[in-house]
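*Asks:* Okay, structure incoming, though there's no sequence with it:
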């Protein structure tokens, strides 16, 4: 019997991959997210950014399908960056991440579009898959 993860990978096919952009100002956490993406069948890291401003340029250059966006960063934070991203790329899926509940941050619950939130410590390969399946359907 196939596991849920194996079934997900089979549905995606060998060629299909969800391109993921990591946006976080902490290098250590970006490294942890790289490992998480590597462990998630069907997902591939396409790039990283360390600020909201840099994420806008990276999306234009790399065309990810999913963005893992830290809520709290110096300069343009994740909520402002997500708002700007969705204005240009309304079909892009964004997962706002924070050590506390991202919805507690002002404006997070008002973004609309294909946006959801998660605590950093709760992220795992299955959650990535669930976010993608839920927001892309």
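*Replies:* Thanks, I have it. This one's a predicted model, so the numbers in the text were calculated from it and none came from an experiment. Numbers count the residues shown, from 1 in each chain.
*Asks:* lowest confidence element among the helices and strands of the protein?
*Replies:* helix 4-12 (a mean of 46; mean pLDDT, DSSP states H and E).
*Asks:* Just checking, which helix or strand succeeds that one along the chain?
*Replies:* strand 18-23 (DSSP states H and E).
*Asks:* what pLDDT, on average, does that next one get?
*Replies:* Average pLDDT, strand 18-23: 96.
*Asks:* Who are the packing partners of it?
*Replies:* When contacts are defined as 3 or more CB pairs under 8 Å, 6 or more residues apart in numbering; DSSP states H and E, strand 18-23 sits against helix 27-38, strand 43-49, helix 52-62, strand 66-70. Where C-beta positions appear, they are placed from N, C-alpha and C, glycine not excepted.
*Asks:* make it 10 Å
*Replies:* helix 27-38, strand 43-49, helix 52-62, strand 66-70, helix 78-88, strand 93-98, helix 125-136 (3 or more CB pairs under 10 Å, 6 or more residues apart in numbering; DSSP states H and E).
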